[in-house]
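In: my questions are about this predicted structure, shown below with the sequence.
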Amino acid sequence: MSNANAASATLQPRLARVTCAHPGGLHQLAYREWFDPSHGDRDSAPVVVCVHGLTRLSNDFDALARALAQRGWRVVCPDMIGRGDSDRVADPMLYGVPQYVADCVALVARLGVEQIDWVGTSMGGLIGMTYAALKGNPIHRMVLNDIGPQLDWLGLDRIATYVGQVPLFASIEEGMAWLRVVMASFGPHDEAGWGLLTRPYLRPAPGGGWTAHYDPAIAEPFRIMMASADRQSVPPSMWHLWEMISAPTLVLRGAESDLLSVETCQAMQSRGPKTRVIEFPGVGHAPTMIAPDQIEPVLAFLSES
């Protein structure tokens, strides 16, 4: 193995933080940055920002980020506030897309680049769509992972059953076993894949044992939205933002997804950026981009330009 290949095989991210503002104060947004120096100068490398789902964290992109970095990208994966290594905030209503977009604007400013590509899973896709609809945004190409401008009640109801529920586990093995049940919709994985999905999710609890990595209060805005929703109508949509997006967009859909319907994907292909869709059999919400067959379409799409 050459020195360059050996370095790529052992590549690890750099943990950094950027200070962001919220009404009444400041908070730290943590992010993991991947770059393989064998590809040259980091400052001239194309940048991909990868943003996780509602209860997830930056480590979800470890497999994808390593693959991108090995091909010359600078990959930045933030923990959105209330998750992972980022700060928690006192007002739970700040756990919403407007604050998340503002934090990402600060993050991109810290990176010192004028153009980025975007990969967003679920909530990360909602943040990306909102950001990409803003005039003067830096998003060049966008990948939306099992998310679109219209969501289905079935998936929202399922999310409501677990978001904010932060059990205490006696051991990390007990927590990982529980998560494999909760995350069954992610589809089949080998033991290494389940380890990537579950181990970073768990953190030591202050009084002993293990618990989830996030602030349970992130569920409060979601609960309010669900409690006030009119179930006789369609769920809240973002079609008005979708029509404002011009960045070429790829949608990854789990064939068994209960959040992103086939009908919504069909509409996305004829409106706004007229996206293309790739569907993965045997997967629900959401594809994890750990297996090569889920990583390769993302690499190919981002490499087109």
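Out: Nice, thanks for sending it over. Numbering: from 1, shown residues only.

In: least confident secondary structure element in this protein?
Out: Least confident helix or strand of the chain, by mean pLDDT, DSSP states H and E, is helix 3-9 with a mean of 48.

In: mind listing what's buried in the longest helix anywhere in the chain?
Out: What stands out as the longest helix in the chain, according to DSSP state H, is helix 97-111. Buried residues in helix 97-111, counted by 16 or more other C-beta atoms under 10 Å: 99-101, 103-104, 107-108, 110-111. Quick note: C-beta positions are derived from backbone N, CA and C, even for glycine.

In: helices of the chain, start to end?
Out: 3-9, 62-69, 97-111, 123-132, 153-160, 172-182, 191-198, 219-227, 239-242, 262-268, 292-303.

In: what's the closest of those helices to Ser233?
Out: Nearest to Ser233 among the helices of the chain is helix 153-160; the distance by C-beta to C-beta comes to 9.9 Å.

In: buried ones in that closest one?
Out: 155-156, 158-160.

In: check what contacts that helix and list those residues.
Out: Outside helix 153-160, the residues within contact range by C-beta atoms under 8 Å, 6 or more residues apart in numbering are 54, 222-223, 226, 231, 235, 257-260, 285.

In: pull out the buried residues from these.
Out: Of these, these count as buried by 16+ other C-beta under 10 Å: 54, 222, 226, 235, 257-260, 285.

In: quick one: least confident of those?
Out: Within the set of those, pLDDT is lowest for Pro235 (74).

In: that one touches Met225, doesn't it?
Out: No: if you go by C-beta atoms under 8 Å, Pro235 and Met225 don't touch, sitting 9.1 Å apart.

In: the contacts of helix 153-160 into TSV, with extra columns for distance to Gly148?
Out: Output for the contacts of helix 153-160, formatted as TSV (distance: C-beta to C-beta, whole Å):
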residue	distance to Gly148
Leu54	15
Phe222	18
Arg223	22
Met226	19
Arg231	20
Pro235	11
Ser257	10
Asp258	13
Leu259	9
Leu260	5
His285	12
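
In: tell me the one of those nearest Pro37?
Out: Out of the contacts of helix 153-160, the member with the shortest distance to Pro37 (by C-beta to C-beta) is Leu54, at 33.9 Å.

In: show the pLDDT at Glu256.
Out: 97.

In: ok, the closest residue to it other than its chain neighbours - contacts?
Out: For Glu256, ignoring the flanking residues on the chain, the nearest one in space by C-beta to C-beta, 6 or more residues apart in numbering is Gly284 at 4.3 Å. By C-beta under 8 Å, 6+ apart, Gly284 lies in contact with 184-187, 254, 256-258.

In: equivalent analysis for Leu202, please.
Out: Counted by C-beta under 8 Å, 6+ apart, Leu202 has contacts 169, 172, 175-176, 179, 210-213.

In: and Leu241, how far from Leu54?
Out: Applying C-beta to C-beta, to the nearest Å, the value for Leu241 to Leu54 is 19 Å.

In: next up, the contacts around the residue nearest to Leu57 when sequence neighbours are not counted.
Out: Excluding the flanking residues, the one nearest Leu57 by C-beta to C-beta, 6+ apart is Gly84, at 3.9 Å. By C-beta under 8 Å, 6+ apart, the contact set of Gly84 is 30, 57-59, 200, 213-214.

In: from these, pick the one nearest Leu134.
Out: Checking the contacts of Gly84 one by one against Leu134 (C-beta to C-beta), the nearest turns out to be Ser58, at 22.9 Å.

In: what about Gly82, how many residues close to it?
Out: 23 (other C-beta atoms under 10 Å).

In: for it, which residues are in contact?
Out: 88-89, 95, 214-215, 217-218.

In: please apply the same query to Ala255.
Out: Applying C-beta under 8 Å, 6+ apart, the residues near Ala255 are 279-283.

In: low pLDDT regions in the protein?
Out: 1-9 (pLDDT under 70).

In: surely Trp178 touches Phe169?
Out: Yes: using C-beta under 8 Å, Trp178 is in contact with Phe169, at 6.8 Å.

In: please say which of those two ends up with more neighbours.
Out: Ranked by neighbour count (other C-beta under 10 Å), Trp178 and Phe169 place Phe169 first, with 18 against 14.

In: sounds good, over and out.
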